[in-house]
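Visitor: The following comprises the amino acid sequence and a computationally predicted model.
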Amino acid sequence: AVFGLLSQDLLQHMEKEEKILFPFIESLCAPTAPGQQRPGSPFGTILNPIRPMEHEHLVAGTLMARLRTITSGFDPPADACMSYRLCFGELAGFESDLHTHVHLENYVLFPRAVALEGALG
């Protein structure tokens, strides 16, 4: 149930990134001809979509921590079958990937996007 909730939350999160936030960040990076204006933001400042994304990262981290707890740190029981062991190994890898995702967005992409928006006025 926890993994199902986490999966659902992350699918919605990634859809918002791919359809709303990332295209806007790309538009900030796109070159413009002299005198040409950039398209306006549909959400005011870029912080308006970033703040909910950061909150969703916190929720995902909480759910992942809960998964880690209920699986005893992704440590399968001694009598676990190979599928069970594989599942726990995949969960551990997923947790690592999630930490990388959150770190790159929260500490690299989002601050750079905010700074770029500010520099462009």
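Guide: Received, thanks.
Visitor: Relative to the whole chain's centre, how far out is stretch 28-41?
Guide: Centre-to-centre, stretch 28-41 and its host chain are 26 Å apart (C-alpha atoms, centre = their mean, to the nearest Å).
Visitor: can you list contacts of it?
Guide: Stretch 28-41 is contacted from outside by 24, 27, 46, 113, 116-117, 120, using C-beta atoms under 8 Å, 6 or more residues apart in numbering. In short, each C-beta sits where N, CA and C put it, glycine included.
Visitor: Okay, and which of these map to helices?
Guide: 24, 27, 113, 116-117, 120 (DSSP state H).
Visitor: min pLDDT across the residues you listed, which one?
Guide: Of all those, residue 120 carries the smallest pLDDT score, 86.
Visitor: quick one: it from residue 24, how far?
Guide: 12 Å (C-beta to C-beta, to the nearest Å).
Visitor: okay, these two: which has more neighbours?
Guide: More crowded of residue 120 and residue 24, by other C-beta atoms under 10 Å: residue 24, with 17 against 10.
Visitor: Is it possible to get JSON lines of the contacts of stretch 28-41 that adds distance to residue 100?
Guide: Shown next, in JSON lines, are the contacts of stretch 28-41 (distance: C-beta to C-beta, whole Å):
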{"residue": "24", "distance to residue 100": "23"}
{"residue": "27", "distance to residue 100": "25"}
{"residue": "46", "distance to residue 100": "22"}
{"residue": "113", "distance to residue 100": "18"}
{"residue": "116", "distance to residue 100": "22"}
{"residue": "117", "distance to residue 100": "24"}
{"residue": "120", "distance to residue 100": "28"}
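Visitor: Please indicate which of the residues you listed are buried?
Guide: The neighbour count (16 or more other C-beta atoms under 10 Å) marks 24, 46, 113, 117 as buried among those.
Visitor: Secondary structure element holding residue 41?
Guide: Per DSSP states H and E, residue 41 falls between elements, in no helix or strand.
Visitor: Please, where are all the helices along this protein?
Guide: 2-16, 22-29, 47-70, 82-104, 110-120.
Visitor: for residue 36, phi and psi?
Guide: phi -80, psi 140 (degrees, to the nearest 10).
Visitor: Could you do the one 4 residues further on as well?
Guide: Backbone torsions of residue 40, given as degrees, to the nearest 10, read phi -70, psi 160.
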